[in-house]
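> need a 3D model of the following:
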Amino acid sequence: MATQQAGIGSLLSLMKANKVIHEENSSQPIKNETKSIDDTSININVPDINYDFTNNPTLIEAKEDCFMDEEKIKRGSVKYNNNYIRTVKYNNDGKYLLSSSQDRVIRLFSFDEDSNPKINLIREKECGGFIYDARWSPCNNDIFGFTSFQSPIHLYKIDGECYNTFKGINHLDEMDTARCICFTADGSSVIGGYKDKIRIFHMYRSGRQVFDIDTYKKYNGGQKGYFTCLRMNPVDDTLVAGSTTGSNVGIYSLKENSCQMLIGHEYDGVTWMEYSRDGQYVFIGGRKDEGISCYDTRMLGVKLYDIPRPGTHSQRIEFEIDPTGSFLFSGTTSGALRITDLRAGSSFQSTKEFSILPTSIPSISLHPLKNLFAIAHGQRVFPYPIFNEDDDNIDEPTENIPISNGLSIYKF
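Just a heads-up that it's a prediction; the model follows:
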């Protein structure tokens, strides 16, 4: 009993001491602990890039021969007579370009405006199946990854060496195919988007995934469908946003392995998505739709505005926000380049359009340090494909659309 009373007395003395400390602290001014975007823990390096939108962009260099060579783009029994490009990406130092095209080939180009202002094809990698996605590593300028039909996620170096391979294993111990991929900002993990699942792989450990995030359960609901795009939050490296063929965009925590927010939208499946540079807004674009929508992630996915962008067919039309976070660049199905000033608010009176090509612009990539940008042009034209059979020469109706497949670099 004496021990119990001694314990109660000690507790009372501690409470009195804490009360005195609280009274002393209450007389002092409260320090504001809110971190701004300029805090060193979440500092964003903004390069000094000046764009001149008063005139049309200047063509620096174009590359079409490797995409139009009929002998090189034959694969097995199918001849890809229309080898349109699906995506193009600059690496982090702007010296290399990566492209994927309809002939199931990843192409690597070098371009240096200062020393050699020519687009040089330095390597080709046949992937066997349809290429869903291709990305550069954010921390290593020499490593890129891609995912293709019925194949694992592959990481390669610029010299052609296979760096690593990741297999998404399902509950039946069978390999699934990732439809999209992305890297974490520190480059330590690779994230793959599958049907109703997100799988995380360790960068330096090949094989199966480290863990899964279930995005949809039959009785609990969630984000349903095949993932089409994954994006890491540029400020918080533990948050990843993903779009699917369904009616939601989800934001997931890699720490808790769970969904933090579902954003409903009006698109018939989202095909492309980008974060704003401060990580507060999400821009999404749908399949065969006329605009890009902006949602505020701080207000449970409230839709703020729409940015008009013509898209008349089902081809994926990519867009990108420049390194300064001020402008959104997007191609269109009519061959025009649209640039929207994100600093102008919801009115967007400063949206500019430049007609530069007679065919669709499905992909655009901005140079990370200069006022250069690369575009991939071309679109799927039916009939497609032509099989090497006896009926090759049968006349079939075709759309009156010019076939112009290539890669071009422009400058503002």
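
> pLDDT weak spots in this structure?
Across the chain, the ranges flagged by pLDDT under 70 are 1-45, 69-80, 344-349, 382-402.

> can you map out the helices along it?
Along the chain, the stretches classed as helices by DSSP state H are 2-26, 65-68.

> and the last one, what does it pack against?
Just to be clear, that refers to helix 65-68. Where contact means 3 or more C-beta pairs under 8 Å, 6 or more residues apart in numbering; DSSP states H and E, helix 65-68 is packed against strand 406-411. Using the backbone N, CA and C atoms, a C-beta is placed for each residue, glycine as well.

> name every strand pairing with the strand it packs on and say which way it goes.
Sheet pairing here is set by DSSP bridges, and for strand 406-411 it gives strand 58-63 (antiparallel), strand 372-377 (antiparallel).

> how about these in TSV, adding distance to residue 246 and mean neighbour count?
Shown next, in TSV, are these (distance: least, C-beta to C-beta, whole Å; neighbours: other C-beta atoms under 10 Å):
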stretch	distance to residue 246	mean neighbour count
strand 58-63	37	15
strand 372-377	27	25
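
> out of the ones you listed, nearest to residue 81?
Closest to residue 81 of the strands paired with strand 406-411, according to C-beta to C-beta: strand 372-377, at 16.8 Å.

> any idea how far the nearest residue to residue 316 once chain neighbours are set aside lies from residue 181?
Counting by C-beta to C-beta, 6 or more residues apart in numbering, residue 316 lies nearest to residue 271, which is 4.3 Å off, once chain neighbours are set aside. Per C-beta to C-beta, to the nearest Å, residue 271 is found 15 Å from residue 181.

> so between these two, which is more surrounded?
residue 181 (25 against 22; other C-beta atoms under 10 Å).

> so the more buried one bridges to which residues?
residue 192.

> and it, how close does it get to residue 54?
38 Å.

> ok, residue 334 next?
Residue 334 is 22 Å from residue 54, where distance means C-beta to C-beta.

> contacts only, for residue 276.
By C-beta atoms under 8 Å, 6 or more residues apart in numbering, the contact set of residue 276 is 234, 282-283, 321, 325, 342.

> over to residue 111?
61, 95-97, 117-120, 409.

> if we use 10 Å, what do you get?
60-61, 63, 90, 94-97, 117-120, 367, 372, 374, 407, 409 (C-beta atoms under 10 Å, 6 or more residues apart in numbering).

> now it: how far from residue 229?
Taken as C-beta to C-beta, the span from residue 111 to residue 229 is 26 Å.

> what about residue 264, how many neighbours?
Using other C-beta under 10 Å, residue 264 is surrounded by 11 other residues.

> tell me the spacing between the closest residue to residue 328 other than its chain neighbours and residue 287.
Leaving aside its sequence neighbours, residue 328 sits nearest to residue 340 (C-beta to C-beta, 6+ apart; 4.5 Å). Per C-beta to C-beta, residue 340 is found 20 Å from residue 287.

> what of residue 101?
20 Å.

> the more surrounded of these two?
residue 101 (23 against 18).

> list the contacts for the more buried one?
Residues near residue 101 by C-beta under 10 Å, 6+ apart: 66-67, 73, 80, 83-88, 107, 131, 376, 378, 405, 407.

> ok, these vs residue 207, which is closest?
Nearest member of the contacts of residue 101 to residue 207, counting by C-beta to C-beta, is residue 131, at 22.1 Å.

> any idea how far residue 153 is from the closest one?
12 Å.

> I figured residue 51 was touching residue 354, is that so?
No. The pair residue 51 / residue 354 is not scored as a contact, 11.9 Å apart, by C-beta atoms under 10 Å.

> mutual contacts of those two, please.
The contact lists of residue 51 and residue 354 share 57, 339, 412, where a contact means C-beta under 10 Å, 6+ apart.

> distance from the chain centre to stretch 350-366, please.
Relative to its chain's centre, stretch 350-366 lies at 18 Å (C-alpha atoms, centre = their mean, to the nearest Å).

> only alpha carbons, please: show that stretch as CSV.
Coordinates of each C-alpha in stretch 350-366 appear next as CSV, following Å, rounded to 0.1, in the frame of the first residue of the first chain:
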residue,chain,number,x,y,z
SER,A,350,-3.3,33.2,-72.7
THR,A,351,-3.7,29.8,-74.3
LYS,A,352,-1.8,29.7,-77.6
GLU,A,353,-2.0,27.3,-80.5
PHE,A,354,0.6,26.7,-83.2
SER,A,355,-0.2,24.6,-86.3
ILE,A,356,3.1,22.8,-87.1
LEU,A,357,2.1,19.4,-88.6
PRO,A,358,-0.6,17.9,-90.8
THR,A,359,-0.9,14.8,-88.6
SER,A,360,-1.6,14.0,-85.0
ILE,A,361,0.9,14.8,-82.2
PRO,A,362,0.5,12.0,-79.7
SER,A,363,3.5,12.8,-77.5
ILE,A,364,5.6,15.7,-76.4
SER,A,365,8.7,15.9,-74.2
LEU,A,366,10.3,19.1,-72.9
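
> please, where are all the strands along the stretch 301-412 of the chain?
Counting by DSSP state E, counting those that start in this stretch, one finds strands in the stretch 301-412 of the chain at the ranges 302-308, 319-321, 327-331, 336-341, 352-355, 363-366, 372-377, 386-387, 406-411.

> of those strands, which is nearest residue 249?
For residue 249, the closest of the strands of the stretch 301-412 of the chain is strand 302-308, at 11.2 Å, according to C-beta to C-beta.

> list the buried residues of the closest one.
Under the neighbour-count criterion of 16 or more other C-beta atoms under 10 Å, strand 302-308 has residue 307 buried.

> who does that strand touch, helix- and strand-wise?
If contacts are counted by 3 or more C-beta pairs under 10 Å, 6 or more residues apart in numbering; DSSP states H and E, strand 302-308 sits against strand 258-264, strand 281-286, strand 291-296, strand 327-331, strand 336-341.

> the fourth one to strand 372-377, inter-axis angle?
Counting by axes from the mean of the first three to the mean of the last three C-alpha atoms, to 10 degrees, strand 327-331 points 30 degrees away from the direction of strand 372-377.

> re the thing from before, is it true that the residue nearest to residue 316 touches residue 363?
No. Using C-beta under 10 Å, residue 271 makes no contact with residue 363, being 11.5 Å away.

> mutual contacts of these two, please.
315-318.
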